[in-house]
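Enquirer: have a look at this prediction, sequence included:
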Amino acid sequence: MNQTSINRSFTTWSLLKFAAPSIIMMVFMSLYTIVDGIFISRFVGSSALSSLNIVYPMINVVIAIATMFATGGNAIVSRYLGQGREKQAREALTEFVVLGVLISAVFAALVILFEDPICRFLGANDALMADCKTYLTISLLFAPACTLQTLFQSYFVTASRPGLGLWLTVAAGILNAVLDYVLIVPIPLGIAGAALATGFGQLLPAIVGLIFFAIPRKTLRFCRFSFRMREIREACINGSSEMIGQMATAITTFLFNIILMRLAGSDGVAAMTILFYGQFLFNAFYLGFAIGIAPVVGYQYGAGNSRELRKIYKISFLFTIMSSVAMTVASIVLATPIVSVFTKEPGTFALADAGFKIFAVNFLFSGVNLVSSGFFTALSNGKASAGISFARTFLFMVGFLLILPQIFGVTGAWVAIPAAELATLFLSVGLHRYYFWRPGEQNYII
């Protein structure tokens, strides 16, 4: 049987191998921003790095829209395939791609139109304003490409071509890194060069994805469609957890920037940016894993194969728990070398080095929370998935962020995210107990 097919029995190794392209794709996606940060911090300065982080909440909104239609829409597409409804799967794919691009383009245009007050609201002062506007404008011009890349990450897997998505993302990541160097070092465009490098990196998988799904083939491809509000509503509900996660990241990044500007100035914002880069990479790993297994989960759920679904569940969470422990230990031990990659400026380095060793504890809990949310999305249980995402990225995060820095100062800011992830873990465990461990009609795997 085709080893990239979602309709087969999986072992631990074959499931991890199947999910690997999505994991690598998401890691490379996170590296776009991380590589930008390294070049900006090293060759432009910590103030420019602060500017990037100040405007990043607006970019998070674009990613949130795309992620919602990627994960929520993919659950519908893969379920249709599992039910043998290929025509509906093709129509849904086309619908979600068109809608995602349209919404992201309109949002980008509105933000650019009101850029000055938005940058001020996000925390930009006179010294950072020019860099904030430059990075935001260029990044949003590539918003449709960013949306397409995010959508195709999921849909390539469902089309049984995860390898194509992997190689496109690797190629785009390499292109981004090369252009970062060229447009910042030999051609000193500064923060504008970093934004252009990221945008051109996103264009490559976007264009190839459009060509791939435009060519007639047996299963998934673009076709004539109509906007069906029922499907759109279901995709939004199913993908709301991932969208909430990205939107909440935008809000919490904004709050972190405001609080750290008050407590430690631009050095504090730059240090928090470095910590966020570590979180981007870790979360990308588990988000990629969740995206990678989602078509398999959705297919087996649509086919009513609870036995295979139970096996996938056990493999997924055993892998998540074991790898989370290993990665947490590695992050704490390697905190100083990791921070030194980004900056040598004494003020920023001291804050980031101390903060990373505390902040890394959140990796112990966030993997389970992320995969749990993704698993529920694949099962079309948008409420459970959204509950986890809302709790970990907004409810608990904002609560701890507003309280802990008032008591512990800068250290309280570093502790806020681990505390939020731990609190969310209790919610995740409760949902697992109800939907996977307790007997009853609500149980997905019995």
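Expert: Nice, thanks for sending it over. Numbers count the residues shown, from 1 in each chain.

Enquirer: C-alpha from now on. contacts and neighbour counts both.
Expert: Fine.

Enquirer: okay, buried residues for stretch 415-435 please.
Expert: 415-425, 427-428, 431-432, 435 (16 or more other Cα atoms under 10 Å).

Enquirer: same question for stretch 165-179.
Expert: 165-166, 168-177, 179.

Enquirer: list the ones among the buried residues of stretch 415-435 that fall in helices.
Expert: The members of the buried residues of stretch 415-435 that map onto helices under DSSP state H are 415-425, 427-428, 431-432.

Enquirer: now for those residues: which two are most distant?
Expert: Spatially, the most separated pair among these is V415 and H432, at 26.1 Å (Cα to Cα).

Enquirer: look up phi and psi at F152.
Expert: phi -70, psi -20 (degrees, to the nearest 10).

Enquirer: and it, what is it in contact with?
Expert: A70, G165, P205, A206, G209 (Cα atoms under 8 Å, 6 or more residues apart in numbering).

Enquirer: could you redo the last one with a cut-off of 7 Å?
Expert: Listed by Cα atoms under 7 Å, 6 or more residues apart in numbering, the contact partners of F152 are G209.

Enquirer: again, but for Y32
Expert: Contacts of Y32 by Cα under 7 Å, 6+ apart are G173, N176, T198.

Enquirer: go on, F213?
Expert: L220, R221, F222.

Enquirer: how about the first one, secondary structure?
Expert: The reference is to L220. coil (DSSP: H, G, I helix; E, B strand; the rest coil).

Enquirer: how near is it to R161?
Expert: For L220, the distance to R161 (Cα to Cα, to the nearest Å) stands at 11 Å.

Enquirer: the two - which one has more neighbours?
Expert: L220 (27 against 14; other Cα atoms under 10 Å).

Enquirer: model confidence for that one, exactly?
Expert: Note for L220: predicted pLDDT of 79.

Enquirer: residue ranges for the helices of the stretch 101-250 of the chain, please.
Expert: 115-122, 126-141, 143-158, 162-184, 191-214, 229-238, 240-303 (DSSP state H, counting those that start in this stretch).

Enquirer: quick one: average pLDDT of the fourth one?
Expert: To tie it back to what came earlier, the one meant is helix 162-184. 86.

Enquirer: how about the contacts made by the closest residue to L203 other than its chain neighbours?
Expert: Nearest non-adjacent residue to L203, counting by Cα to Cα, 6 or more residues apart in numbering: A145, 5.3 Å away. If you count contacts by Cα under 7 Å, 6+ apart, A145 has them with Q202, L203, A206.

Enquirer: export those to TSV and tack on neighbour count and distance to V333?
Expert: Converted to TSV, the contacts of A145 look like this (neighbours: other Cα atoms under 10 Å; distance: Cα to Cα, whole Å):
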residue	neighbour count	distance to V333
Q202	28	33
L203	19	37
A206	25	38
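
Enquirer: what is the nearest of those residues to R90?
Expert: A206 (18.2 Å).

Enquirer: got the contact list for the closest one?
Expert: So A206 contacts A145, L148, Q149 (Cα under 7 Å, 6+ apart).

Enquirer: distance-wise, check it relative to I76.
Expert: 22 Å.

Enquirer: what does K311 give?
Expert: 22 Å.

Enquirer: again, but for A19
Expert: 19 Å.
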